[in-house]
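Asks: attaching a predicted model along with its sequence, questions to come.
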Amino acid sequence: MATKISDALKGLSRELRYEPTTKHIRALLDGVPVLDSRQAVVVWEPRRVVPCYAVPTDGVVSVLSPAETAVRGGDIPPMLHPGIPFSRHSAPGMALDVSAGGQTAAGAAFRLDDPDLEGYVAFDPGAFDWFEEDDAVQSHPRDPFHRVDIRHSSRHVLVSSSRNVLAESTTPIMVFETGMDERIYLPPTDVNWDALVATDSATLCPYKGTASYWRLARTDAGGDDAGGDVAWSYVNPLAPAAEMAGYVCFYDNLVDVKER
């Protein structure tokens, strides 16, 4: 019987998973080295959507000590999405504080209690400055089984909010990302910028870079919320996503995105 790969991967999501990498991995705390290893593994705790790095203890160049608290067990949500902190662990192990250069990152490491990962310590992606070889890593390690495919399209796309046209284009780019819905990004020249106002929101993606956000310029007669973010763009994306620079994507659950 044939296996649908995405279903098989989802079936593994409740297990502790790892994948070795040959990259030279380093992490710094306020400029002071915390770890330095060429034997790192990419690790997903059970129900974690995004991974972290774990390294053997001989690659740790900081001081590790037992943490006071760590959240584990049945109080963890069914799926640990990116916004759920590293300190909420779903695998057996011990939470650790990390000290280097007079600074301490509380609970920023986790010694895994698993025979296949014996001697490995996982580290919080958000607590340190990370490098793969000599390149900085944003947000969290890239999932080696995750793809982002960018394709140019001639779809005719109209974006509106009540009676207000927010954008219309026949030259969008389509972004197909593993495990996510397809996204339609529109050229900035096809966006009605008078209808949008930039906000202070920003998010980091290890595949695309830093996203900037916009809200509606006013509340339309139809009752649209002018306060929430409705669109985003990677103004200066990472090199693999360079084609997306300046293109704008709208939340299709907040405004009307139609293909004509």
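Replies: Alright, I've got the coordinates.

Asks: switch to C-alpha atoms for all contacts and neighbour counts from now on
Replies: Will do.

Asks: okay, now residue 36: neighbour count?
Replies: Residues near residue 36, counting by other CA atoms under 10 Å, number 20.

Asks: Provide a list of residues in contact with it.
Replies: 24-27, 59-61 (CA atoms under 8 Å, 6 or more residues apart in numbering).

Asks: which among these count as buried?
Replies: 25-27, 59-61 (16 or more other CA atoms under 10 Å).

Asks: tabulate these (TSV), appending secondary structure and distance to residue 171.
Replies: Formatted as TSV, the buried ones among the contacts of residue 36 follow (DSSP: H, G, I helix; E, B strand; the rest coil; distance: CA to CA, whole Å):
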residue	secondary structure	distance to residue 171
25	strand	39
26	strand	41
27	strand	41
59	helix	49
60	strand	49
61	coil	51
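
Asks: pick the one among the contacts of residue 36 closest to residue 178.
Replies: residue 25 (24.3 Å; CA to CA).

Asks: okay, and the beta partners of that closest one?
Replies: Beta-bridge partners for residue 25, by DSSP bridges, are residue 37, residue 132.

Asks: likewise the one 4 residues further on?
Replies: Beta-bridge partners recorded for residue 29 (DSSP bridges): residue 32.

Asks: just to check, it is in contact with residue 103?
Replies: Yes - applying CA atoms under 8 Å, one finds residue 29 in contact with residue 103, separated by 7.5 Å.

Asks: which of those two has more neighbours?
Replies: Taking neighbours as other CA under 10 Å, residue 29 and residue 103 compare with residue 29 leading, 21 against 11.

Asks: gap between the more buried one and residue 101?
Replies: In this view, residue 29 and residue 101 are 8 Å apart by CA to CA, to the nearest Å.

Asks: what's the answer for residue 231, then?
Replies: On the measure of CA to CA, residue 231 and residue 101 end up 41 Å apart.
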